[in-house]
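>>> okay, here's the prediction I keep looking at, along with the sequence it came from:
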Amino acid sequence: MLTILFDGISTGMLLFVLACGLAVTLGLMNFVNLAHGAFAMVGGYVTVIAMQRFGVPFLATLPLAFLIAAAIGLVLERTLYVHLYGRSHLDQVMFSIGLVFMAMAGMDWFMGSSPQNVILPEALKGRFDFAGIGIGRYRLFLVVICGILAVALQLTLSKTRFGSRLRAAVDDQRVARGLGIRVQTIFAATFAVGSGLAGLGGALGAEILGLDPSFPVKYMVFFLIVVTVGGTSSIVGPFLAALMLGIADVGSKYYVPELGSFVIYAVMIAVLIVRPNGLFARPGR
Amino acid sequence: MTFSKTTRRGALTGISVAALALITPFAAYAEDVVKVGLILPMTGPSASTGRQISQAVALYQAMNGTKAGGKTVEVIVKDDTGVADVTKRLAQELIVNDKVSVLAGFGLTPLALATAPISTQAKVPQVVMAAATATITEASPYIVRTSFTLPQATVPAADLATKNGWKKVITLVSDYGPGIDAEKAFGAQFTANGGTVAAALRVPLKNPDFAPFLQRVADEKPDALFVFVPSGFGALVIKQFVERGLDKSGVKLFGTGDLPDDDQLDGMGDVVIGLISTHHYSAAHPSPENKAFVDAYVKANPGQRPNFMAVGGYDGMAAIYKALEKTKGDADGTKLVEAMKGLAWVSPRGPMSIDPETRDVIQNIYVRKVEKVDGHLWNIESEAFEKVKDPVKAAKMKK
């Protein structure tokens, strides 16, 4: 029972890291970026390539996955995304879904379509029993990393000057600019961090979710559910939503496997009926 | 005017005679060529299937020459991207425009089924080199299969479980056509053998985590776990199986050869060592035929290893060549299919034949275990279930 709960939490945490970048771009910057999963895929492949071709140890590839995905995010933001900030959501969706298909075809061309494997260091393999609960080492590692990230993100956004500038830039670009806030730079940095987090999520998730060129489309629905259910006003919302989805998904598949993946959609619908803007909606929007 | 018309006609006649003279050598040449239309998913999610088969087909021609029954065999490769509509359209184009005598390839079941009516109408043999659903050969009297059927590999797995004294087994399959086929074939045979399937778990295809399913297995404590998941996901399941400590708690993990696919086996890591499976082909099959095949394949495609898809393509070409020898080069579709019925030869996989009744493959199914040899992972065969027919059609025949 508690093992299932723990597995659910770790799945949820993983979903959170994968989706929080999307929460930032969609929620704070109000940009519908369906290509988010493509950055996650890039992060996953960075880890795989670094490990297989260059023999970099797993833990060292994680920052690498973050940095490379962030760098690609930054370049794309400056060259492509920047033109679409003012456009309608439909334009943004069409643009980013196009990017997804290009990323998938490109990855297929470079890396082939077969799924890739990440080989974990011995220290993260296996499991141990703690007070009767079986805990997988890698899952515990996920929970710790993701927990730290969640706290750090929430503090950055709510307590630092950068966070307040970002919120100001989102709320009213013109006024923010008038106050001397460099909106473009802030957006670029935020987008890069969001992409980087996706990359990190992809690298961490390769072990559990698997990794192949169809990754961005396969898990897109999960990212979107996390963000819609969580609401887009803060990091706390998607965090709780991700945990809830993780636990609901793992729990339902354990107790009622016949329903398969149906339960999380039911949960999503239920939440959205009660709170159409998600668990934590931004007031006045 | 009449005069000039006549001259014009004369000129035209002259031109057409000249044209005919030009065409005739080509026409004669065309009669000496037998075209094979090879339709494969060369891109998209099943691209590895297309890559393996097309390389094996090219290899067959490199090793055995391009002549069969006095004719030159020419292969035209088309990419259907794994979409049935495209396969069907390409099959039509190949028959009508390219005048192929044989259609071959077919990476997935729906692709083979979509083409079946066309091969029936055009009376063109359809050599299925990959797709493994049992019923495919019933879709057209022109279908001949050189790969395997999923029940053919699954039923021996159930017999193996009984033989090893495993009484209680859980099946875990992906929730899609082949997965459900495997679940049913295994369950029916294992129950008939007196065993118990404690739970039949189906995992959605788009599934983020195998954890809940494997926890069920851990709680039920069966003797063994039978797994069938799409190619490539095997490693994930095995890793999480080991992570959960199921291997140490005495649960045996086994499946069909799709699980330790030779194409990916070496990259799966040491966790797969000891994995038991039943299948018709292992790249480690100890025979001179297989050694020649694997050596040539690796030489032509460095860094790769042939898998059961490749051997299906290789033997598909063998069937076409041998049928052409038998008909002395007559590429008439009906005659070719008749010639293929009952063909028997030693393939890299071991002895195999084409069942004259069902046009499906009859072959040995081997029990294999993943072992590390010279630093690489291989499926090492130990024993064989000999001359296994497709159990689904065999059961129908009995009725």
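Right, received. Where do you want to start?
>>> for residue B:157, give its distance to residue B:260.
Counting by C-beta to C-beta, to the nearest Å, the separation of residue B:157 from residue B:260 is 13 Å. Any C-beta I mention is one placed from the backbone N, CA and C, and that applies to glycine too.
>>> return every residue with contacts to both of these two.
Common contacts of residue B:157 and residue B:260, defined by C-beta atoms under 8 Å, 6 or more residues apart in numbering or on different chains, comprise residue B:277.
>>> sketch out the low-pLDDT regions of chain B for me.
B:1-31, B:207-208, B:232, B:399 (pLDDT under 70).
>>> can you list the residues of it near chain A?
B:43-48, B:51, B:175, B:201-204, B:206-209, B:211-213, B:215-216, B:218, B:231-233, B:235-236, B:239-240, B:242-245, B:263-264, B:267-269 (C-beta under 8 Å from any C-beta of the partner chain).
>>> go again using 6 Å as the cut-off
For chain B, the contact set with chain A under C-beta under 6 Å from any C-beta of the partner chain comprises B:45, B:47-48, B:201, B:204, B:206, B:208-209, B:211-212, B:215-216, B:232, B:235-236, B:243, B:245, B:264, B:267-269.
>>> mind checking which of the residues you listed are in helices?
If you go by DSSP state H, these have B:47, B:48, B:211, B:212, B:215, B:216, B:235, B:236, B:243, B:264 in helices.
>>> the fourth one touches residue A:252, doesn't it?
What that stands for is residue B:212. No. At 7.9 Å, residue B:212 does not count as touching residue A:252 under the criterion of C-beta atoms under 6 Å.
>>> give me the contacts around stretch A:21-36.
Applying C-beta atoms under 6 Å, 6 or more residues apart in numbering or on different chains, the contact partners of stretch A:21-36 are A:89, A:92-93, A:96-97, A:99-100, A:170, A:194, A:197-198, A:223, A:227, A:232, A:238.
>>> what's the neighbour count on whichever residue of the stretch 1-150 of chain A sits closest to chain B?
With C-beta to the nearest C-beta, the shortest gap between the stretch 1-150 of chain A and chain B falls at residue A:115, namely 3.6 Å. For residue A:115, the neighbour count with other C-beta atoms under 10 Å in any protein chain shown is 23.
>>> ok, now residue B:93?
14.
>>> before we move on, back to that, and the contacts of stretch A:21-36, which are buried?
A:92, A:96-97, A:99-100, A:170, A:194, A:197-198, A:223, A:227, A:232, A:238 (16 or more other C-beta atoms under 10 Å in any protein chain shown).
>>> and those residues, which two are furthest apart?
Farthest pair in the buried ones among the contacts of stretch A:21-36 (C-beta to C-beta) is A:100 and A:170. Separation: 24.3 Å.
>>> show me where the chain has its helices.
Chain wasn't specified; assuming chain A. Counting by DSSP H, the helices of chain A are A:2-22, A:36-54, A:58-79, A:89-111, A:137-159, A:161-171, A:173-178, A:183-209, A:215-218, A:220-230, A:236-255, A:262-274.
>>> oops, wrong one, chain B.
Remark: helices assigned in chain B by DSSP H are B:2-31, B:47-64, B:84-96, B:109-122, B:150-163, B:177-192, B:211-220, B:234-243, B:262-265, B:288-300, B:308-326, B:333-340, B:391-398.
>>> what's the most buried one of the ones you listed?
Compared across the helices of chain B, helix B:308-326 shows the largest average neighbour count, a mean of 26 (mean count of other C-beta atoms under 10 Å in any protein chain shown).
>>> low-scoring pLDDT stretches of chain A, where are they?
The model of chain A has pLDDT under 70 over residues A:132, A:232-233, A:260, A:281-285.
>>> gap between the residue lying farthest from the centre of it and residue A:169?
Centroid-distance maximum for chain A: residue A:178 at 32.5 Å, with C-alpha atoms, centre = their mean. Counting by C-beta to C-beta, the separation of residue A:178 from residue A:169 is 11 Å.
>>> and residue A:29, what are its phi and psi?
phi -90, psi -10 (degrees, to the nearest 10).
>>> distance of the nearest residue to residue A:158 once chain neighbours are set aside relative to residue A:178?
Closest residue in space to residue A:158, ignoring its immediate chain neighbours: residue A:234 at 7.7 Å, by C-beta to C-beta, 6 or more residues apart in numbering or on different chains. Residue A:234 sits at a distance of 26 Å from residue A:178 (criterion: C-beta to C-beta).
>>> and residue B:327, by the same measure?
According to C-beta to C-beta, residue B:327 and residue A:178 sit 86 Å apart.
>>> likewise residue B:117?
From residue B:117 to residue A:178 the distance is 70 Å (C-beta to C-beta).
>>> list the contacts for residue A:46?
A:64, A:65, A:68.
>>> close to chain B: what parts of the stretch 151-285 of chain A are there?
Counting by C-beta under 6 Å from any C-beta, the residues of the stretch 151-285 of chain A lying close to chain B are A:208, A:209, A:210, A:214, A:218, A:250, A:253, A:254, A:257, A:260, A:261.
>>> list the contacts of the closest residue to residue B:57 other than its chain neighbours.
The shortest distance from residue B:57 to any non-neighbouring residue, by C-beta to C-beta, 6+ apart, is to residue B:313 (4.9 Å). For residue B:313, the contact set (C-beta under 6 Å, 6+ apart) comprises B:53, B:56, B:57, B:129.
>>> what's the nearest residue to the first one if we skip its chain neighbours?
Here the nearest residue to residue B:53 in space, its sequence neighbours aside, is residue B:313; by C-beta to C-beta, 6+ apart that works out to 3.4 Å.
>>> for the most centrally placed residue in chain B, give its distance to residue B:333.
For chain B, residue B:130 is the residue whose C-alpha lies nearest the centre (C-alpha atoms, centre = their mean; 2.1 Å). Distance of residue B:130 to residue B:333, given as C-beta to C-beta: 21 Å.
>>> show me how far stretch B:84-96 is from its chain's centre.
Relative to the centre of its chain, stretch B:84-96 is centred 19 Å away, using C-alpha atoms, centre = their mean, to the nearest Å.
>>> likewise stretch A:171-187?
Centroid separation for stretch A:171-187 versus its chain: 26 Å, with C-alpha atoms, centre = their mean.
>>> give the buried residues for that stretch.
Buried residues in stretch A:171-187 (16+ other C-beta under 10 Å): A:173, A:176, A:181, A:183, A:186, A:187.
>>> quick one, what contacts the closest residue to the fourth one other than its chain neighbours?
Excluding its sequence neighbours, the residue lying closest to residue A:183 (C-beta to C-beta, 6+ apart) is residue A:169, at 4.5 Å. Residues near residue A:169 by C-beta under 6 Å, 6+ apart: A:176, A:181, A:183, A:186.
>>> the first one is in contact with residue A:168, isn't it?
Yes. Here residue A:176 reaches residue A:168: they are 4.5 Å apart, a contact under C-beta under 6 Å.
>>> I figured residue B:331 hits residue B:101, correct?
Yes. Residue B:331 is within contact range of residue B:101, at 3.8 Å (criterion: C-beta under 6 Å).
>>> which neighbours do the two have in common?
Common neighbours of residue B:331 and residue B:101, counting by C-beta under 6 Å, 6+ apart, are residue B:34.
>>> okay, the helices of chain A in JSON lines with distance to residue B:113 next?
Formatted as JSON lines, the helices of chain A follow (distance: least, C-beta to C-beta, whole Å):
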{"stretch": "helix A:2-22", "distance to residue B:113": "37"}
{"stretch": "helix A:36-54", "distance to residue B:113": "32"}
{"stretch": "helix A:58-79", "distance to residue B:113": "41"}
{"stretch": "helix A:89-111", "distance to residue B:113": "25"}
{"stretch": "helix A:137-159", "distance to residue B:113": "41"}
{"stretch": "helix A:161-171", "distance to residue B:113": "53"}
{"stretch": "helix A:173-178", "distance to residue B:113": "56"}
{"stretch": "helix A:183-209", "distance to residue B:113": "31"}
{"stretch": "helix A:215-218", "distance to residue B:113": "25"}
{"stretch": "helix A:220-230", "distance to residue B:113": "29"}
{"stretch": "helix A:236-255", "distance to residue B:113": "31"}
{"stretch": "helix A:262-274", "distance to residue B:113": "29"}
